[in-house]
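>>> this is a predicted model, with the sequence first.
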Amino acid sequence: MRSRARTVLTTAAAFVLLVAAWELAKLVLPAAGVTVGGVRLLPRTDDAAMPHVWTVLAKLGAPEVAGAADPRSIGVAVASGALFTLGLALGGLVLGGIGGVLLALLMQRFALAERAVLPYVIASQTVPLIAIAPLVAGWGGKIAIAGWAWQPWASVMVIASYLAFFPISVGMLRGLSSPPKADVELFHSMASGWWTTLLRLRLPASVPHLVPAVRLAAAAAVVGAIVAEISTGTRGGIGRLIIEYAQSATGDPSQMYAAILGAAVLGLVAAGAVGLLDLGLRRYRGTVS
Amino acid sequence: MSRFAGSRSFPARRSWRVAAVAAALTVTAAACSTTPAGDSSSGASTAPGALKPVTLQLQWFTQGQFAGYIAAADQGFYREQGLDVTFKEGGVDIVPQTVLAQGQADYAIAWVPKALASREQGAAITDVAQVFQRSGTRQVSFATENITAAAELKGKKVGNWGFGNEFELFAGMTDAGIKPATDVTLVQQQFDMQALLSGEIDAAQAMSYNEYAQVLEATNPATGQLYQPGDFSMIDWNDDGTAMLQDAIWASTDKLSDPAYQDQTTKFVAASLKGWAYCRDNAASCRDIVVKAGSKLGASHQLWQVNEVNKLIWPSPAAGVGTIDQAAWDQTVKVARTAVNADGQTVLTKDPDPQAYTNDYVTKAVEILKGQGVDVVGTNYQPETVTLNPGGN
């Protein structure tokens, strides 16, 4: 319990430090930023570029659009947007997780598959997201799965899964191959088939590799969902809100920062959700030598 | 050693599992199907009295720029023509004319030069109604900079959006004898106008109906009040002769050979133009409709936008609102063929073919509206004076 309390304390301290650094930068650095030889080294620090932390927090309570049909505060808008994106990111994580695990199993089972597929798995992550997003979004209205027409949010989920599957497939492959040769040979000598070896030896052994991979994948899925929302113009999520609020940044950027704050909190929540997974799989921790 | 319990293999069960997985894969593959091409628009014949579903791809977020269409839906003008119109909002990476050419929308709103560039690259689309008769693009600077004509941009930091939004500016500079590559410092602009206010850009690109208003919604630190129009000067490309046609309704060229789509196009154009006539006469109501439809910038910003957009539409050519004016079209094509941007490219490499635009549908649409007693020219149109509030609220 003490270590838990310490974690909470450290997190809080890190947050306070961040806020202090932000305000200190505003206080100390010149308002026009620092430019050396035409190259900007430090950003502008005036209120139009870096609003005070309390301005951003106060903005959360302000109404989103005056005179709108359902008047809601910016805080509520940001929270509901973040929830929407969290759903898509987690959906993408599950999709990517299933895909990644299946791919890792395939690569572990057939050395040929590993040699053939792994380079493409790595290459897939060098393709820029903004190049894929319009492509995937282009499926809308063209594809139906069992009578269900493709929805814009499904594109976002697929793009999120595209980022999420990579760390999981690589981490899982590593985990599946992690049992020492002696263990594998023991199973072999006991006439265990591939399936039994997988279930009783390789899967438990992969957990310590899988959990950090899922944590990475969760962060990637959140980033993927946000970028995909911006790129495909899917309404309802935090990514779209950031762009929509950015329009009003000319006079007052605090509204946009409120949405960015929401996106940051969303990332923390997604990481926290993976922490739960870690708790659930605790008994397999350290089974790898 | 419970970990090793049950480690014996069961060949029979394994093969059953393999079969199950194979079956699951088959079902999944069978379930995934591609919908027949053109299903969304030319699909099953609708029952008499039922509304025909139609999708319109917008260029950007819900805002006053599209007030006429949103009002036409809100006021039932589309329903009057037997259409049920849904809007697809634009975004950063959404190219309306591509969405249209790919068959994911029935119509799209797009700027003429950008749509013609897509057309040259193979997008089969046709301009069926030229809603904006004038260009809304301005080059805005602080009045103290004294930039009122393109020639005065020399030596200045000139902002532009790029991505095909910059050609009026480049044509204007070229006509004024300025070499864009060497005589000015080109700066890539963001969505907002902070760079202009902070002095990183001397003259920034702005739409009269959107970005210029955003500047006027910001507080002037010197006075503590909002910036006033007198604080700025601007270059209007309509006066400069390098203006290009902007928002137009584009339809699919291929589908226009289908009589049902032809008829639908006439009806869609008629109802849309009726929406714009409504916004000309009821700007405040259109502001409320746009805000209700989910705009993220507030009411005073939307009223400003409706008012400025009205100025781009009304008064219309004598033939009626939405008619493509040959002279304006020719000027657009001329600039598109001759203006060279920062990358040394022109918008078009050859003249567009005759199918690039047609007045057939808008002429019929205008007749329908005249029959309903709608003023389709707006000779006596007078813009309002809009007061902007901080942040556009």
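That came through, no problem.
>>> hey, let's count contacts and neighbours off CA atoms from now on
Will do.
>>> can you pull the pLDDT of the closest residue to B:Phe142 other than its chain neighbours?
Leaving aside its sequence neighbours, B:Phe142 sits nearest to B:Phe232 (C-alpha to C-alpha, 6 or more residues apart in numbering or on different chains; 4.3 Å). Per-residue pLDDT puts B:Phe232 at 96.
>>> what's B:Phe232 sitting at in phi/psi?
Dihedral pair for B:Phe232: phi -120, psi 150, per degrees, to the nearest 10.
>>> burial count for the residue nearest to B:His301 when sequence neighbours are not counted?
For B:His301, ignoring the flanking residues on the chain, the nearest one in space by C-alpha to C-alpha, 6+ apart is B:Gly392 at 4.5 Å. Each residue near B:Gly392 was counted by other C-alpha atoms under 10 Å in any protein chain shown, and the total is 25.
>>> pretty sure B:Gly392 is touching B:Ala299, no?
Yes. Using C-alpha atoms under 8 Å, B:Gly392 makes contact with B:Ala299 at a distance of 6.6 Å.
>>> how close does A:Gly75 sit to chain B?
14 Å (C-alpha to the nearest C-alpha, to the nearest Å).
>>> am I right that that residue sits in a helix?
Yes. Assessed by DSSP: H, G, I helix; E, B strand; the rest coil, A:Gly75 belongs to a helix.
>>> stretch A:173-186 near chain B anywhere?
No. Stretch A:173-186 stays clear of chain B (C-alpha under 8 Å from any C-alpha of the partner chain), getting no nearer than 10.7 Å.
>>> skipping its backbone neighbours, what lies nearest A:Trp139 in space?
A:Trp150 (7.1 Å).
>>> oh sorry, the question was meant for B:Lys88
Closest to B:Lys88 by C-alpha to C-alpha, 6+ apart is B:Gln57, at 4.7 Å.
>>> circling back: report pLDDT for the residue nearest to A:Trp139.
79.
>>> so the residue nearest to B:Phe142 touches B:Ala143, yeah?
Yes. Applying C-alpha under 8 Å, one finds B:Phe232 in contact with B:Ala143, separated by 4.3 Å.
>>> wait, B:Leu348 sits on B:Ala336?
Yes. Between B:Leu348 and B:Ala336 there is a contact at 5.5 Å, judged by C-alpha under 8 Å.
>>> out of those two, which sits in the busier spot?
A count of neighbours by other C-alpha under 10 Å puts B:Ala336 above the other of B:Leu348 and B:Ala336, at 28 against 22.
>>> what strand or helix carries that one?
Here B:Ala336, judged by DSSP states H and E, is contained in helix B:326-338.
>>> show me what that helix is packed against.
Contact partners of helix B:326-338 among helices and strands, from 3 or more C-alpha pairs under 8 Å, 6 or more residues apart in numbering or on different chains; DSSP states H and E: helix B:112-120, helix B:167-175.
>>> any idea which of these scores lowest on pLDDT?
Ranked on mean pLDDT, the bottom entry among these is helix B:167-175, at a mean of 90.
>>> how far off helix B:112-120 does that one point, in degrees?
On the basis of axes from the mean of the first three to the mean of the last three C-alpha atoms, to 10 degrees, helix B:167-175 is oriented at 100 degrees to helix B:112-120.
>>> contact partners of helix B:167-175?
Contact with helix B:167-175 is made by B:139, B:150-151, B:153, B:179-180, B:237, B:240-244, B:335-336, B:338-341, B:347, as judged by C-alpha atoms under 8 Å, 6 or more residues apart in numbering or on different chains.
>>> part of a helix, is A:Ala164?
Yes. Per three-state DSSP, A:Ala164 lies within a helix segment.
>>> touching, it and A:Gly96? I think so.
Yes. Assessed by C-alpha under 8 Å, A:Ala164 is found in contact with A:Gly96 at 5.2 Å.
>>> show me which of these two is the more surrounded one.
Of the pair A:Ala164 and A:Gly96, A:Ala164 is the one with more neighbours under other C-alpha under 10 Å, namely 33 against 29.
>>> distance of the more buried one from B:Asn220?
Distance of A:Ala164 to B:Asn220, computed by C-alpha to C-alpha, to the nearest Å: 46 Å.
>>> give me the number of residues near the residue in the stretch 201-350 of chain B positioned nearest to chain A?
In the stretch 201-350 of chain B, the residue that lies nearest chain A is B:Ala218 (3.9 Å; C-alpha to the nearest C-alpha). Close neighbours of B:Ala218, defined as other C-alpha under 10 Å, add up to 27.
>>> what do you get for the one 5 residues further on?
Taking other C-alpha under 10 Å as the criterion, the count of residues near B:Thr223 is 8.
>>> again with A:Val274
There are 20 residues near A:Val274, going by other C-alpha under 10 Å.
>>> helix or strand: which one has it?
Here A:Val274 is covered by helix A:254-280, with elements defined by DSSP H and E.
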